[in-house]
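J.: The sequence and its predicted three-dimensional model are supplied below.
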Amino acid sequence: MVYARGVFLSRNGIMFAALLLGSVVGQQAVHSQAEPKLANSPESLTPFIVKSAWLKFGIYDGRILAKDIRRTQSRSLTLYHDEHDAQEHLVVRTVPGQYRLKYAMMLPEQTLHLEYDLSGTFAIRCEQDGDFIQLRQTGNSPIRVKLQRAGEQLEYSGQRLWLVLMRMPVEDRQQLIRLMNRLCPRTHVSLLFEESLAGLSRLSLTPVQVDLNKVRELVAMLDEKSYSVRQHADRQLRAFGRPLVGVLDNVDHSTLSTEQRTRLRLITKVYQVTQRDSVESIVATLKWSPQCWQALAKKASDPLMAKHANIRLAELMEVELQSPDSKELLANDEVLFRLR
């Protein structure tokens, strides 16, 4: 039995609640037939935001966004589930140009939380038996994943979700993907990651093809006094195509002028993915990224991949493979290009 208590700021709120609950019960019945689960396990209760489909998440340029939003007025809703001893609470706030959603599911053995807004905030968290796993992205800041298990706390971060997943051990990565599949189904995170990893593995067998000296020369020209020279350099950099994003994502901006930083950010913006990530776009973005090869070079579970990734990392950073500088690259938390 499901009970609902909600506040709907619309004229037809009562009718909407009745129709919505009827839809939820019907969808829940279909879901239970398609995926048999233990009757009272936490996973047997499908989150309301998934059943209601008020927003559908996707991954765009390695960032988690909800581009498909069913426009609604501000509202709050609480659902009670006797058979699970569970409660769900949802709050949606909308004003012109803004959208914010907070959702929580509370069961005796587990709690789930999701937060989202149009400014780029996305956060999910699952807590059970004193342990938790949490993913959070805010604006253009790095995506961060925190885990606590048996009193031990771990943290992973990266500018894109795919980099974060590369840095995680298999067990932690699978735990995060299960949580995302539950709250954000149909993002196909696991499939995209595994196929992209296979594509990068094949690329690791061939030399890196980026001409960093040419990139440095063009970046230097972005700071010339002549406007025509700066424009020419800008066009030449854009001609490298999407793989240049992997370089520009990993530049030490502290050594660059304001003009150079501004132009490089605008060039990166040109290649932002407007469609959901595909294996092709992920591989193209990461194949010149030193942080990608650094993460793969640390993969103790795949020594052959680690060996070839280490070679690619040394090529990108222009150091001798067996030199102290090469070993230092693997010890660093984050490697950056110096274009000046």
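T.: Structure's in. What do you need?
J.: what about residue 113, which helix or strand?
T.: Using DSSP states H and E, the secondary-structure element containing residue 113 is strand 111-117.
J.: how distant is that strand from the center of its chain?
T.: Computed by C-alpha atoms, centre = their mean, to the nearest Å, the separation of strand 111-117 from the middle of its chain amounts to 15 Å.
J.: between the helix or strand following that strand and strand 111-117, what angle do the directions make?
T.: Next helix or strand after strand 111-117 toward the C-terminus (DSSP H and E): strand 122-128. On the basis of axes from the mean of the first three to the mean of the last three C-alpha atoms, to 10 degrees, strand 122-128 is oriented at 170 degrees to strand 111-117.
J.: In terms of secondary structure, what does the helix or strand encompassing residue 213 contact?
T.: For residue 213, the element it lies in under DSSP H and E is helix 212-221. On a contact count with 3 or more C-beta pairs under 8 Å, 6 or more residues apart in numbering; DSSP states H and E, helix 212-221 meets helix 227-238, helix 244-248. C-beta coordinates here come from the backbone N, C-alpha and C atoms, glycine included.
J.: can you rerun that using 6 Å?
T.: Taking 3 or more C-beta pairs under 6 Å, 6 or more residues apart in numbering; DSSP states H and E as contact, the helices and strands that helix 212-221 lies on are helix 227-238.
J.: How about residue 259, nearest residue that isn't a chain neighbour?
T.: For residue 259, ignoring the flanking residues on the chain, the nearest one in space by C-beta to C-beta, 6 or more residues apart in numbering is residue 223 at 5.5 Å.
J.: For residue 245, see how far away that neighbour is.
T.: Distance, residue 223 to residue 245, by C-beta to C-beta, to the nearest Å: 21 Å.
J.: For the closest residue to residue 112 other than its chain neighbours, name its beta-bridge partners.
T.: For residue 112, ignoring the flanking residues on the chain, the nearest one in space by C-beta to C-beta, 6+ apart is residue 105 at 4.3 Å. For residue 105, the beta-bridge partners are residue 88, residue 112 (DSSP bridges).
J.: Surely residue 105 touches residue 87?
T.: No: using C-beta atoms under 6 Å, residue 105 is not in contact with residue 87; the gap is 7.6 Å.
J.: Look at these two and report which has more neighbours.
T.: Per other C-beta atoms under 10 Å, whichever of residue 105 and residue 87 has more neighbours is residue 105, with 26 against 15.
J.: Spit out the contact partners of the more buried one.
T.: Residues in contact with residue 105 (C-beta atoms under 6 Å, 6 or more residues apart in numbering) are 47, 88, 112.
J.: follow-up on the earlier one: just the pLDDT for the residue nearest to residue 112.
T.: For residue 105, the pLDDT comes out at 96.
J.: what do you get for residue 268?
T.: 86.
J.: Which helix or strand contains it?
T.: Assigned by DSSP H and E, residue 268 belongs to helix 258-270.
J.: buried set for the next helix or strand after that helix?
T.: With elements assigned by DSSP H and E, the helix or strand that comes after helix 258-270 is helix 279-286. For helix 279-286, a neighbour-count test (16 or more other C-beta atoms under 10 Å) marks 279, 281, 282, 283, 284, 285, 286 as buried.
J.: so can I have CSV of those showing pLDDT and distance to residue 332?
T.: CSV is the format used below for the buried residues of helix 279-286 (pLDDT from 0 to 100; distance: C-beta to C-beta, whole Å):
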residue, pLDDT, distance to residue 332
279, 96, 28
281, 93, 27
282, 95, 23
283, 96, 24
284, 93, 25
285, 93, 21
286, 94, 18
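J.: And what about residue 180, helix, strand or coil?
T.: Under DSSP: H, G, I helix; E, B strand; the rest coil, the three-state class of residue 180 is helix.
J.: That one: how many residues sit nearby?
T.: Around residue 180 there are 19 residues (other C-beta under 10 Å).
J.: Noted, bye for now.
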